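1. Below are the sequence and a predicted model; questions follow.
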Amino acid sequence: MIRTIVLASFLCLGLSLSAQMRCAADEWQAELTAIYPEVVQGNQRIEAYIRNWRAQARPRNGEVITIPVVVHIVYQDEIENIPELQINAQIEVLNEDFRLLNENVPYLPDEFRPIAADTEIEFCLASLDPDGRPTDGITRTSTDISCIADIFTVKSDGRSRLFYTELGGQDAWDTEHYLNIWVASSCGTLLGVTPGAAFIDILPEQDGVVIDYKYFGNNCFSGESAPYHLGRTATHEIGHFFNLKHPWSDCGTFEGDLVDDTPDQSAPYYGCPIHPQASCGSNDVYMNFMNYTDDECMMMFTVGQKERMLAMLDGPREGLKASVGCALQPTPLPFSDEAILIYPNPTQDCIHIDFNAEIPGIVQVELYDAMGRRLFQIDESSRNFRSIDVSSLARGVYFLCFHAGRQTITKKVLVAP
């Protein structure tokens, strides 16, 4: 499906489609820089470090870096208190996108395949908190503050309330050793936002990522959240967290994203463009995760972007590599009924499937109606499985069948209006 949407700016905010900003990083950085002018020198030091890092030969041995994540759910209404399965779905999306395992990789244009990168970065929900106690990596805070994720206007004493427990939000966990993600309602003000790496030391209590709850996870708010319902707002914002920038620069009139292998482009892309799209004398990587295209048309980071992220993890964000936050990860279950979770059920728009199982090879997934007619089939790795769109199905009972090896597991699903 091809959609065309327009968004702008270096920030990562999001409103209704007529007013939303896809990303508000620039605006937030500009606001904070006016308060903390020393951030300019901080950015210069980081860029000098990255240049020196890249100048050295750094062979990779295939080591995967796992980043511990804490998700802070701050909610006023219960619908904002999103379920654990939706949070797990977001972690799955991040791992697919950062490891080049996302479902739309086969649609990458041939000319960009050589620069598409497995970043060798993965994410887990923290299993140990900063005090060494077991955790599920999720905090839940009820607040009486409306629109608390609108960090630009919902403030007290000049501070955005979202980041402070005493102001109705939630304090960050140790930002040196955890990636903090705040998920809350912005009342249509933003999709997501990140302050930028230069604030690591200047404003550590706000160092992390903010996502509106409607756009977090590969979720089934498709009527309200589409075309940003596949979890790629978080992918984009975490790119900023690792010091990636947007890939446009008005054909070289300013420094752009400081990445050699992202062709210069004159402006952001929206919707789902058709390849090729050209500006500044070359074809543009509009499907890059740091662009503004719809979630379904975002596909890749580049090798150069990977280098910037790994440089950050060897330098300004090296504490994340040393963290023990992921030390107690649970052992996956064998392929069984208990190891396959589906939600929501009943559903209206889509079915998300969460595999918490050791399933080698390919899983065949089929959807049948009550008459035994097969309506859907896909053969896919359990790690790379996406939601099933059921928005066009009539109300009634349906059956999901999972085949792996010689085993078959069946789940009942109710599609309701």
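-> Looks like it arrived, so ask away. Given the structure is predicted, the values throughout are model-derived calculations rather than measurements.

2. Okay, domains of the protein per the record?
-> 25-322, 333-415 (automatic domain parsing).

3. Need the distance between the two termini of stretch 191-208.
-> Terminal residues of stretch 191-208 are spaced 15 Å apart (Cα to Cα, to the nearest Å).

4. Now do the buried residues in it.
-> By neighbour count on 16 or more other Cβ atoms under 10 Å, the buried set for stretch 191-208 is 191-200, 202-203, 206-208. From N, CA and C alone the C-beta is placed, and that goes for glycine too.

5. which one of the residues you listed is nearest residue 121?
-> If you rank the buried residues of stretch 191-208 by distance to residue 121 using Cβ to Cβ, residue 197 comes first, at 14.9 Å.

6. So for residue 21, what's the pLDDT?
-> Residue 21 carries a pLDDT score of 64 in this model.

7. and what of residue 11?
-> 34.

8. go on, residue 158?
-> What the model reports as pLDDT for residue 158 is 91.

9. Could you pull up the contacting residues of it?
-> Residues in contact with residue 158 (Cβ atoms under 8 Å, 6 or more residues apart in numbering) are residue 35.

10. With residue 290 instead?
-> Counted by Cβ under 8 Å, 6+ apart, residue 290 has contacts 236, 239-240, 244-247, 257, 262, 301, 305.

11. which helix is the longest one in the chain?
-> The helix that spans the most residues within the chain, counting by DSSP state H, is helix 39-55.

12. So what are the sheet partners of the helix or strand that that helix is followed by and their directions?
-> Counting by DSSP states H and E, the next helix or strand C-terminal to helix 39-55 is strand 65-75. Paired strands of strand 65-75, with direction, are strand 121-125 (parallel), strand 138-142 (parallel), strand 179-184 (parallel) (DSSP bridges).

13. Next secondary structure element downstream of the last one?
-> Downstream of strand 179-184, the first helix or strand assigned by DSSP H and E is strand 192-193.

14. which residue packs closest to residue 211, ignoring adjacent ones?
-> residue 192 (4.4 Å; Cβ to Cβ, 6 or more residues apart in numbering).

15. Surely the one you found and residue 90 touch.
-> No: using Cβ atoms under 8 Å, residue 192 makes no contact with residue 90, being 11.5 Å away.

16. joint contacts of the two?
-> residue 234.

17. So the spatially most central residue of the chain: helix, strand or coil?
-> Taking Cα atoms, centre = their mean, the centroid of the chain lies closest to residue 234, which sits 2.3 Å from it. On the three-state scheme (DSSP: H, G, I helix; E, B strand; the rest coil), residue 234 is labelled helix.

18. same thing with residue 327?
-> Looking at residue 327 with three-state DSSP, the answer is coil.

19. Could you list the low-confidence segments of the stretch 51-200 of the chain?
-> Applying pLDDT under 70 to the stretch 51-200 of the chain flags residues 57.

20. Find the nearest non-adjacent residue to residue 354, please.
-> Nearest residue to residue 354, sequence neighbours excluded (Cβ to Cβ, 6+ apart): residue 341, at 4.2 Å.

21. count of neighbours near the one you found?
-> 18 (other Cβ atoms under 10 Å).

22. ok so it is a strand residue?
-> Yes: the assignment for residue 341 (three-state DSSP) places it in a strand.

23. Setting aside sequence neighbours, what's the nearest residue to residue 242?
-> residue 309 (4.0 Å).

24. residues contacting that neighbour?
-> 119, 121, 239, 242-244, 301.

25. So, low pLDDT: which residues of the stretch 251-400 of the chain?
-> Residues of the stretch 251-400 of the chain that meet the criterion pLDDT under 70 lie in 253-254, 384.

26. Can you show me the helices along it?
-> Secondary structure of the stretch 251-400 of the chain (DSSP state H, counting those that start in this stretch): helices located at 303-314, 318-322.

27. taking those together, which one is wrapped up most tightly?
-> helix 303-314 (a mean of 21; mean count of other Cβ atoms under 10 Å).

28. so residue 126 makes contact with residue 68?
-> Yes: if you go by Cβ under 8 Å, residue 126 and residue 68 touch, sitting 4.2 Å apart.

29. and those two? which has more neighbours close in?
-> Shown here are residue 126 and residue 68; by other Cβ under 10 Å, residue 126 has more neighbours (28 against 25).

30. and the gap between the more buried one and residue 87?
-> Taking Cβ to Cβ, to the nearest Å as the measure, residue 126 and residue 87 are separated by 12 Å.

31. same thing with residue 38?
-> Taking Cβ to Cβ, one finds residue 38 at 35 Å from residue 87.

32. Who has more neighbours out of those two?
-> residue 87 (21 against 11).

33. and that one, helix, strand or coil?
-> helix.

34. now swap in residue 34 and tell me
-> Applying three-state DSSP: residue 34 is helix.

35. Tell me, how many residues neighbour it?
-> Count around residue 34 with other Cβ under 10 Å applied: 9.

36. Also the one 10 residues further on?
-> Using other Cβ under 10 Å, residue 44 has 11 other residues around it.

37. Next: residue 393.
-> 17.

38. Would you enumerate the residues in contact with it?
-> Here residue 393 is in contact with 369, 375, 415 (Cβ under 8 Å, 6+ apart).

39. I am finished for the moment; much appreciated.
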